[in-house]
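Colleague: Give me a 3D structure for the following:
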Amino acid sequence: MRERVRQLVESARFQWFVIGVIIINAAVIGAEVSPGWMAEHGDATEAVGRVTVVIFVIEIVLRIYAHGRSFFKGGWNLFDLFVVLIALTPGAGSYSVLRVLRVLRVLRLLSTIRSMRLVVAALVKTVPGMASIGALLAMLIYICAVMATQMFGEADPEHFGSLGDSMIAMFTITTGDDWANITRPTTEAHPAAWIFFVLYIVLSAYIVLNLFIAVAVEALDRESDEVTEEIEHAVDDSTDTILAALADLKAQVSALESRLVGVPD
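Modeller: Residues are numbered from 1 along each chain as shown. From the prediction side, this is the model:
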């Protein structure tokens, strides 16, 4: 019985069914925050939401039954269980704040779709590299903010009057958000100031920020290679098992033929 349930929960049709339910539930969560929609279709929307939650509960129970204790050894399985438990949390009284966490049900797509799990795993592995690049960017912003405060504080006290204002201004320039209007008062007072800002933009926006992308791409390639190696290793193991079974079967057939030859007519 457990083997049949395992085959069911691991089948492609069941996975696609769960994905469809997750998408429907995500649409319901979005509709519930629309007062106009809820005024006209509130009862039907809540009914669909309750049905999807029931399906989630049934699915998680089937998976726990199918995999037994090994279910609790998987990180994604624990994440799915946490999301389902959040869905069952009461929405009134002292628990009303937890209703906001219902939106986490949308994240179940991450654990259901293999390609998304691959991307998330790669991003997790980039954390050390991202932290180093973030520290480098913070040092660059701090150094340039100190320089800008000393050089341009009197010309533009709104943006560079203090170290805090300068750091906010430099970070805004890094993002490219209306950086021209931030630097215009300074460049009008100091025509050569554009050299400082151009160098900063090149270093921060075009070099340091692109390092984040480089680290993410490298981690994704590494994760893809590891998955490919795992698949190839599994295929090799399966091939070896099949060949060993065939060799054993051949030996048994040869032994049977020898016995048949030795039997008198």
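
Colleague: Pull out the buried residues from the host helix or strand of Phe17.
Modeller: Using DSSP states H and E, Phe17 maps to helix 12-32. By 16 or more other Cβ atoms under 10 Å, the buried positions in helix 12-32 come out as 18, 21-22, 25-26, 28-29, 31-32. Bear in mind the C-beta positions are built from the backbone N, C-alpha and C, glycine included.

Colleague: Against which helices or strands is whichever helix or strand comes after that helix packed?
Modeller: For helix 12-32, the following helix or strand on the C-terminal side (DSSP H and E) is helix 35-67. In terms of contacts (3 or more Cβ pairs under 8 Å, 6 or more residues apart in numbering; DSSP states H and E), helix 35-67 is packed against helix 2-9, helix 12-32, helix 75-87.

Colleague: Name the nearest residue to Val215, ignoring sequence neighbours.
Modeller: Closest residue in space to Val215, ignoring its immediate chain neighbours: Gly129 at 4.1 Å, by Cβ to Cβ, 6 or more residues apart in numbering.

Colleague: now swap in Ala145 and tell me
Modeller: Spatial nearest neighbour of Ala145, excluding adjacent residues (Cβ to Cβ, 6+ apart): Ser166 at 3.8 Å.

Colleague: check contacts around the residue nearest to Ile55 when sequence neighbours are not counted.
Modeller: Sequence neighbours aside, Val21 is the residue nearest to Ile55 in space, at 5.1 Å (criterion: Cβ to Cβ, 6+ apart). Taking Cβ atoms under 8 Å, 6 or more residues apart in numbering, we find Val21 in contact with 52, 55-56.

Colleague: the domain parsing of this protein - what is it?
Modeller: Domain ranges of the chain: 2-112, 127-220, per automatic domain parsing.

Colleague: And the shortest one, end to end?
Modeller: Across its full length, domain 127-220 reaches 13 Å between end residues, using Cα to Cα, to the nearest Å.

Colleague: ok, now the longest one?
Modeller: For domain 2-112, the first and last residues are 21 Å from each other (Cα to Cα).

Colleague: can you check stretch 187-198 too?
Modeller: OK, stretch 187-198 end separation, Cα to Cα: 11 Å.

Colleague: for the record, mean pLDDT for it?
Modeller: Here stretch 187-198 scores 90 as its mean pLDDT.

Colleague: for that stretch, which positions count as buried?
Modeller: Within stretch 187-198, the residues scored as buried using 16+ other Cβ under 10 Å are 187, 193, 196-197.

Colleague: same deal with stretch 116-123?
Modeller: 117, 119, 121-122.

Colleague: want to throw the residues you listed into TSV with pLDDT, secondary structure and distance to Glu46?
Modeller: Output for the buried residues of stretch 116-123, formatted as TSV (pLDDT from 0 to 100; DSSP: H, G, I helix; E, B strand; the rest coil; distance: Cβ to Cβ, whole Å):
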residue	pLDDT	secondary structure	distance to Glu46
Arg117	75	helix	31
Val119	77	helix	33
Ala121	76	helix	36
Ala122	78	helix	38
